[in-house]
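[1] Give the three-dimensional model of this entry:
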Amino acid sequence: MADYIEGKRPVIEALRAQMPMKCVLLADNLQQDGQVKDILRKARQFDVAVKTVSRRRLDEISERGSHQGVMAEALPYRYASFKEVLRGAAERAEQHDGNALVVVLDHVTDAGNLGAIARSVEIVGASGLVIPNKRSAHVTAATYKSSAGAINHVQCAQVSNIAQALERLKAEGFWVAGASEQACHTVWEAPLHGKIALVMGNEGEGLSRLTQETCDFLTKLPQAGKVGSLNVAQAATAVMYEWMRQCAVKVQS
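    I've put the predicted structure just below:
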């Protein structure tokens with residue numbers, strides 16, 4: 001089933017994030033205001049076809065009825081295989097003094113959070129992102145937007161079983177670190193250098209019991225304030241940067 005983006009601003013944002021698209025659809029009676037001209041300009045820039053169709057056709061394929069005379073048909077996201085993520089991590093470790101990071105999401109359900117985490121994965125030089133293929137967010141227009149296009153440069157793999165994927169990472173020499181408020185030690189005390197698989201839990205429930213049992217150790221962010229924990233994407237970013245910092249310190253020592 002085709003994935004459609006509806007409305008002028010969402011289509012502009014999807015083009016800006018370089019989300020792969022089959023085409024942009026414009027209603028035949030659409031007035032060319034500034035936003036429409038921006039869409040046409042970006043479509044030319046990224047070599048995306050533009051088709052004129054009847055407004056009735058847009059009404060037929062619209063799910064929300066908010067297309068404003070503009071829709072875009074997205075191409076399916078190409079997920080990497082888990083083997084590709086492992087291979088990329090092995091190559092990264094060889095080139096960076098044995099350091100590699102793979103981020104595993106234990107049923108994170110918000111596509112925007114997935115995109116924000118993917119953006120941080122790309123920025124810190126992590127080797128890939130692993131998500132479940134069921135009961136989990138998948139790559140959508142919201143993911144492209146919140147990742148600012150970074151999802152295009154991240155190896156993101158879907159797996160059927162998170163615990164089995166973690167065991168495979170262990171077999172490849174990774175230490176599995178689970179982020180949990182129940183942890184006894186903070187990321188400042190945890191050994192987050194070398195080959196690390198960082199596991200982040202669901203927005204509401206955190207890590208599942210089986211996932212926690214599969215982790216080698218649990219860790220949490222230090223906290224000075226009174227408000228509860230950070231959003232999963234913010235927390236993941238903070239822990240990723242601590243991995244990056246510890247790897248740099250280890251190399252210098």
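
[2] Any idea how many residues pack against Glu181?
    Neighbours of Glu181 under the rule other C-beta atoms under 10 Å: 14. Any C-beta I mention is one placed from the backbone N, CA and C, and that applies to glycine too.

[3] pLDDT below threshold where in the stretch 1-150 of the chain?
    Where the stretch 1-150 of the chain drops to pLDDT under 70, the residues are 1-2.

[4] if you set the cut-off to 50 instead, what comes out?
    For the stretch 1-150 of the chain, no stretch has pLDDT under 50.

[5] all helices of it, in order?
    For the stretch 1-150 of the chain, the helices defined by DSSP state H, counting those that start in this stretch cover 8-16, 34-45, 55-61, 82-95, 111-124, 141-147.

[6] Select, out of those helices, the one closest to Ser160.
    helix 82-95 (9.8 Å; C-beta to C-beta).

[7] So which other helices or strands are in contact with that closest one?
    Secondary-structure packing of helix 82-95 (3 or more C-beta pairs under 8 Å, 6 or more residues apart in numbering; DSSP states H and E): strand 100-106, strand 128-132, strand 156-159, helix 162-171.

[8] Buried deepest among the ones you listed, which one?
    strand 100-106 (a mean of 27; mean count of other C-beta atoms under 10 Å).

[9] Count the neighbours of Pro76 for me.
    Neighbour tally, Pro76, other C-beta under 10 Å: 10.

[10] residues touching it, list them.
    Asp3 (C-beta atoms under 8 Å, 6 or more residues apart in numbering).

[11] Nearest to Gln32, out of the helices and strands packed on helix 82-95?
    That would be, of the helices and strands packed on helix 82-95 and by C-beta to C-beta, strand 156-159, which comes in at 36.5 Å.
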